[in-house]
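> coordinates for the following, if possible.
(chains A, B, C and D)
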Protein chains: 4
Amino acid sequence: MLTFASDYTTGCCPEILDRLVATNLEPQSGYGSDEYCKSAAEKIKLACNAPKAQVEFITGGTQTNQAVIASMLRRYEGVIAARTGHISCHEAGAIEYTGHKVFELPQVQGKINAKDIAALVDRFYNDASHEHMVYPGMVYISHPTEYGTLYTLSELTAISETCRSRNIPLFLDGARLGYGLMSYQTDVTLQDITRLCDVFYIGGTKVGALCGEAVVFTHGNRPEHFLTMKKQNGALLAKGRLLGVQFDTLFTDDLYFRIAKHAIDMAERLKGILSDAGFPFLIESPTNQQFVIIDNATIERLRKNVGFEFWETVDEDHTAVRFATSWSTTEKELDKLESLLK
Amino acid sequence: MLTFASDYTTGCCPEILDRLVATNLEPQSGYGSDEYCKSAAEKIKLACNAPKAQVEFITGGTQTNQAVIASMLRRYEGVIAARTGHISCHEAGAIEYTGHKVFELPQVQGKINAKDIAALVDRFYNDASHEHMVYPGMVYISHPTEYGTLYTLSELTAISETCRSRNIPLFLDGARLGYGLMSYQTDVTLQDITRLCDVFYIGGTKVGALCGEAVVFTHGNRPEHFLTMKKQNGALLAKGRLLGVQFDTLFTDDLYFRIAKHAIDMAERLKGILSDAGFPFLIESPTNQQFVIIDNATIERLRKNVGFEFWETVDEDHTAVRFATSWSTTEKELDKLESLLK
Amino acid sequence: MLTFASDYTTGCCPEILDRLVATNLEPQSGYGSDEYCKSAAEKIKLACNAPKAQVEFITGGTQTNQAVIASMLRRYEGVIAARTGHISCHEAGAIEYTGHKVFELPQVQGKINAKDIAALVDRFYNDASHEHMVYPGMVYISHPTEYGTLYTLSELTAISETCRSRNIPLFLDGARLGYGLMSYQTDVTLQDITRLCDVFYIGGTKVGALCGEAVVFTHGNRPEHFLTMKKQNGALLAKGRLLGVQFDTLFTDDLYFRIAKHAIDMAERLKGILSDAGFPFLIESPTNQQFVIIDNATIERLRKNVGFEFWETVDEDHTAVRFATSWSTTEKELDKLESLLK
Amino acid sequence: MLTFASDYTTGCCPEILDRLVATNLEPQSGYGSDEYCKSAAEKIKLACNAPKAQVEFITGGTQTNQAVIASMLRRYEGVIAARTGHISCHEAGAIEYTGHKVFELPQVQGKINAKDIAALVDRFYNDASHEHMVYPGMVYISHPTEYGTLYTLSELTAISETCRSRNIPLFLDGARLGYGLMSYQTDVTLQDITRLCDVFYIGGTKVGALCGEAVVFTHGNRPEHFLTMKKQNGALLAKGRLLGVQFDTLFTDDLYFRIAKHAIDMAERLKGILSDAGFPFLIESPTNQQFVIIDNATIERLRKNVGFEFWETVDEDHTAVRFATSWSTTEKELDKLESLLK
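Predicted structure coming up:
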C-alpha cells in the first residue's frame, strides 16, 4: 500500500541507522554529555553561522515547545501564537499545563504578522490595568506552518524587528524546517532564521530522524539551569547519544538538506499529479505537505490503495485531505499514485 | 470629590458593619464551619429555591473563578469563555496558572451564544485528532458581563441546553449578579440561574460587602474534597465568619436585592444625566455600569471633580469611560454630577 | 461556653471595627492602592526600622505563603522547611500546587537549625549530579512555630548567616508574630527579624484582625510584578482597604503589640492554672498556645464547658490538647477555667 | 577504556538495531498506534499473564514517572516514596512540577515497608484536620531500588495488601526491572509484580534499549484519556514505532530476560573481583549495580583505565563508588578489570 499520510510514517534515513550501528558499542556518557551531542552541536552552529549559539537536543516536538517556552517565560508571561499554531490547538494544552497562557492571534494560511503582534503588545502596555493581565513574553511561529506555508524573509524580518523593539523573544518551531529551507519558493535561509530568531528548533522527527529536535538558542541566551528544567519537564534523555548520533549524521555532508530537498522534489511532482487529476488546492503550499479538495467518491476509491490524511470537511460532497512526502518517498510511489488517478 | 469610578470604592453597606460589631465576641469555629456560614448558606438556598444546592464562601472573584474552575475541570480539560471574559483577559492568567486552557469565543457586547459554544464542542468531537487537543470541559459566562450587559432568559436557556446536551457544566460568574437581577430590563431571576447553571456565584465584593462571593453548586454537584482544594488554592479563610456574617446579613430581609435595586435606580438616573449631556453610549447597558464616549477636553475638565474610569480610546479626540453606581451612590451625588455637566 | 480552642475564634479587636465604621464611606481606590494600605505600610516600615522595606497585604496565611514562595522561587527551586512546618503538612500541598518541592528538615519542638540547613545546601552543591535535583532556593521558618516555640536571637542569627553565605533568601512565617515578640522569654525584636530575614509576614488573622497578613520584603527585594503574580494566585483583594484599615489601626499606638501582650499575659496565667491542675506540658511554649497532656476522663468532663483543641494522642489514657489565648481572652474566662479545674 | 560507569553507557542490544533496520521502510501510523506497539503490548501482557492489562510506551524514566503519577493522582493527592526514591531526589522536582507532593518515608537500603506506609496513611485519616493536608494517593517503590536492592515477595505482598486495604494504588518503578527479575537472590517474578501492583513499568533504557519504558496498568485501570495526558506532559512520541519495535524485540524469545541474566552473571563475577581486591561493599546488592568503598589513592589510579561512578564520600580517605554491568559487559572487560586490581 502506498502512503502519503504524513512525513513520519516510515523510520529514519538509512545513514542514521548505519551510524547507530557503527557507534553502538562505544561507551558514551549520559544526558547529552556524549561526544555525538557535542559534535552535532558544533556542526549545527557552523551551519547556522552562529558561534555563540547553544544547541540542545530534545526527543519530540511538543516536548520541545513545552521545555523551551516554559523555561524562557517568567511565570506571569504568556506566549503569542497563531490561532492555528501547534501549541494553540494540537498539543493537548501542554503550554497551559505549565501555567502559561497562549495568546491566539488571527492567521492567514497559518501565518501571523508583525502588525498584529505589535498591536497586541502595544495594546497591553497601553492598558491602564495591564498589571491585571498576562504579560506577552514570547512570540511563537511555525516555519513551515501547520498548513505547509512559509514566511518570506521580509515577513520574518518584520516580526523579528517587532519583537526586538519590544524586548520579546521570538521562537520559531521548525518541526519541518528542512522542507521550508529547501522549498523552491523561499528566500529564507538557516542563517536568516538564526539571525532573526532568539530560539528555534531544527526538526528531526519529521525530517528523517527516528526522533529528536535540535533547539538553537541563537545568541548565548539559553536559560540558566536549562538541563534541570528539561529534566523537570521529563525531557532529559538518559542515552542522549541517540539524539547526538542522529543529528551528527544529519549535519554531516548536508544530509539534512539533501533529504529535505528530495522530499520537496517529490512534493513538486506530487503537486503536478494532483493538479493534473483536477483537484483544487485548499492552500498553495510550497513545502512537503499538499492539501487538496477531493470529492468523497474519489476519496473512498483511493483509500483502498493510498494512505492520506483527512484535513477538513469542505462541503457535503467534498473533503480536504493532506498528502505528505518525506525522505523515503520514491518516484515509483508517485508513478503508482499517478496511474491510480488516471 | 464625587466618584463613580467603580462599585468597590466605598466600604460595605452599614447593616453588615452593624452585624460584624454585634457578633464580634461570639466564639465561632473556623474555616467556614461557623454558624453564620451555615445560616447564610440556608438563606441562599431558599432564595435560589434549591434545597439540594451547596453553598461555599470565598473571599474574592478571581479566587472564586480559580477555585471553582480548577476543582471542576479534569486536568485535560479547558474552559470556554468570551474573548472579553474576566478569566480570559483580566485575571493575570489565574486559570492557566492552574494548568487549564481558556478557549476564547467571539463575543457581542460581552456575550457568547449557544450556537458558537455548540460549534466549538462539536468541532472538537468531530476532529479525528481531538485526543491531541484540550477537551472542552466547562462553559464560563458572566452575568452581568464585563460590559454590563445581560443574557436574556431565552439566551441563557439555549446556552444551558447546549451545555447539558453535551454534558459540560455551565458556570456563571455573578460578581455583579445583584445588579443583573434588579435590572429594569431583565427577564432572568435567581431561580432561573439556579435551574439553568451547574454552578454560579453571587458576588458580594461589588454588591455591598467588604469582600466575599457565595458559590452555589446548584444540584449537589460540589466536587468531593472541595475544602481541601480551596485550601490548596490558598482560598480557605481562617475566620470564615467574616464571609458568613456578611452573606447572612445580605440575605436577611432581601438586603442584597434592595441595595442592588438602589444602585440600579441610581444608574437609570445616571443614564439620563449622561444622555442629556449629549454623550453617546458605547454600549446599551441595563445594569449599574454605564459606558459613554466623551470628548477629551470635557474629560479633562470633569476629572477635577469626578472620579470615573478609562475604558478605551475611541479616536484621537474621544474616549470611552465607565461610570458605576453602587449601594452607596446617593441622589445628591447625582445632583452634583448633573450640575457639573450643565 | 468558655473557649480556648484557638486564637481565631472571636472576631477582631474593637478598634478595628470602629475604624472600619469610621472610614466606610470614604471612596478609596482598589487593589491595595488606597490611602490606608499606604499609611499602614509606612507605619510598619517605621516599626521595623526599615525605610527600604516594601510592604504588601494579603488576606490569609496559606495564601501569603503561596504567593511569597511561588513568586520568589525560580521554577527549578524548592523551599526548605521543618517537617512540622505549616507549608509542609497543613496547607493541603499549596506550595507543591505551584510546582515547588518542600524540602523537609528534622525539627526539635518545631524548630530547624542552621547546621541542618547548611548541610542540606552544601550536600546539594557537592553532589556531582545536583543538576538532576531540585535547587534549594529559600528557607522557611515559623516564629512562633506551629508548637508555639521561638527561635532565640542567636539561633535566628545563625540561620540568617547560613542563608546569606549561601545566597538563599530567608522567609519567616509570622502568622502569630505578635505573640512571639511579646513573649516573656524572647530576645528577638521586630527589628532583628527585619534585619535577619529577607521576607517575613506580620500575622493579622491570628492576632486580632478579621483577616490579613502584612508581608515585609525587608530590603527592596520585592519580586518585580508582584501585584500581577498575587492576582495570578487569586490573592489580590479588590477592596484592599479592608486590609489597609486593619493594619493601619493595628500599627497605630502600638495596638498590635498591646493586644499580643495581653494574650501573652493571659497565657502566662493560663500556664499557671494548667500547671496547678497537675497537667504536664507536652512542650514548654513561651507564647499564646499551651500544649498539655490530660487524662481522657478529665478531657471528657472539661469538654462540656470548655473549648480546646485535640493535638495528638499520647497513650491509651492520655491526650495532648491545645489551649490558646488571644486579644479577647479575659481574666474572667481564666477564673472560670480555674474553678472548673479545681 | 573500560567502563562500568552505568548501564546506559553503550547503545542497545544488536537485535534491536537489526529489527529497526528490518522494519525501517514499513509505513506505520503514529503516536503508538503502529503494529509494533500493539504486538509488543500483547507479548508483554502474555509475559505478565495479565490479559486485562493495558500497556503504554513512554520514552524515558522521569517522563514515565511524571506521566503515570500525574495522571493517576487527583489534584489534592500526593505520592508516598522512599526518601531516596528517584522521584524524591533525582528527578529535579518533576512530580512537584505537576502539582503533587512527594511524601518521603524513611528507608533501609532504598526500601520502604508496609508498616511505615500504613502508619502514614492511618495517621492521616485519624488526624482531625486532615482535610487541610495532602491526601496520600499512591505508593511509589523502585525494584530494584536506587541502591540495587530488591523487595522480597513477602515484603512486596505486605506493601500491596497495605495499599489495597486502604484503596491506594501501588506503582512500581522498574527502570532496572530485568536485573531484579534475573537476580540470583530474588523470589519475585514478573507475574507477582503484575498481581501485586496496580501499575508498574518495565525499563528499557537501562536494560538494553536505546530508550523507552513499558508501562503496565495491571487490571484495566489505565486512566481515561491517558493519551491526551501523555501529550500534555510532552510524552507522546510521533514515531511510536521506535518504542514498539524495541519492546517487541525485547519480548521476543525472552531477549529482555536473557540480556538481564547476562548482566547479572557479569555482576556476580564483578562482585567476586571487587571482593577479592579487598574492597568492602557499601550495600549488599543482588543486582547489576555494585557499590564498593575504595581508598582514594586506588580510585585515582583506577580512573585512568576504568570508568565508574562516584556515589558518596565515606571519610577523608575513602569513597563509595558504583560499578554497573549491562547487556554489553563482556568477560574480557572483567578480565581486564581483574588484572588492573591485582
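> skipping its backbone neighbours, what lies nearest the residue most central in space within chain A in space?
Per Cα atoms, centre = their mean, the C-alpha nearest to the average position across chain A is that of residue A:175, at 1.9 Å. Closest residue in space to residue A:175, ignoring its immediate chain neighbours: residue A:203 at 3.9 Å, by Cβ to Cβ, 6 or more residues apart in numbering or on different chains. C-beta: built from backbone N, CA, C; applies to glycine.
> beta partners of that neighbour?
residue A:213 (DSSP bridges).
> average model confidence for stretch A:218-238?
Averaged across stretch A:218-238, pLDDT comes to 98.
> just to revisit the earlier point, look up how far residue D:58 lies from the residue nearest to residue A:175.
From residue A:203 across to residue D:58, the span is 21 Å (Cβ to Cβ, to the nearest Å).
> list the contacts of residue A:70.
Each residue near residue A:70 by Cβ atoms under 8 Å, 6 or more residues apart in numbering or on different chains is listed here: A:95, A:98-100, A:229, A:233, C:75.
> can we see that at 10 Å?
A:79, A:94-95, A:97-100, A:223, A:229, A:232-233, C:75, C:99, D:97, D:234 (Cβ atoms under 10 Å, 6 or more residues apart in numbering or on different chains).
> and chain B, which of those reach it?
Counting by Cβ under 10 Å from any Cβ of the partner chain, A:94-95, A:97-100, C:99 from the contacts of residue A:70 sit close to chain B.
> reformat those residues as TSV; add pLDDT.
Listed next are these as TSV, based on pLDDT from 0 to 100:
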residue	pLDDT
A:94	98
A:95	98
A:97	98
A:98	98
A:99	98
A:100	98
C:99	98
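> strands - which of the residues you listed land there?
Taking DSSP state E, every one of those sits outside strands.
> want to throw those into CSV with neighbour count and distance to residue A:308?
Putting those into CSV (neighbours: other Cβ atoms under 10 Å in any protein chain shown; distance: Cβ to Cβ, whole Å) gives the following:
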residue, neighbour count, distance to residue A:308
A:94, 28, 27
A:95, 29, 29
A:97, 28, 31
A:98, 25, 34
A:99, 25, 38
A:100, 26, 35
C:99, 25, 42
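> show the backbone phi and psi for the residue nearest to the centre of chain A.
The phi/psi pair for residue A:175 (degrees, to the nearest 10) reads phi -50, psi -30.
> hang on, residue A:275 packs against residue A:290?
Yes. The pair residue A:275 / residue A:290 is scored as a contact, 9.5 Å apart, by Cβ atoms under 10 Å.
> and the two? which has more neighbours close in?
Using other Cβ atoms under 10 Å in any protein chain shown, the more surrounded residue of residue A:275 and residue A:290 is residue A:290, with 26 against 13.
> check contacts around the residue in the stretch 201-342 of chain A that chain C sits nearest to.
Closest residue of the stretch 201-342 of chain A to chain C, Cβ to the nearest Cβ: residue A:228 (4.5 Å). Taking Cβ under 10 Å, 6+ apart, we find residue A:228 in contact with A:71, A:236, C:74-77, C:130-135, D:92-93.
> which residue packs closest to it, ignoring adjacent ones?
If the residues on either side of it in the chain are set aside, residue A:228 comes closest to residue C:76, at 4.5 Å by Cβ to Cβ, 6+ apart.
> quick one, what contacts that neighbour?
Counting by Cβ under 10 Å, 6+ apart, residue C:76 touches A:71, A:223-232, C:99-101, C:131, C:133-135, C:137, D:92-93, D:97.
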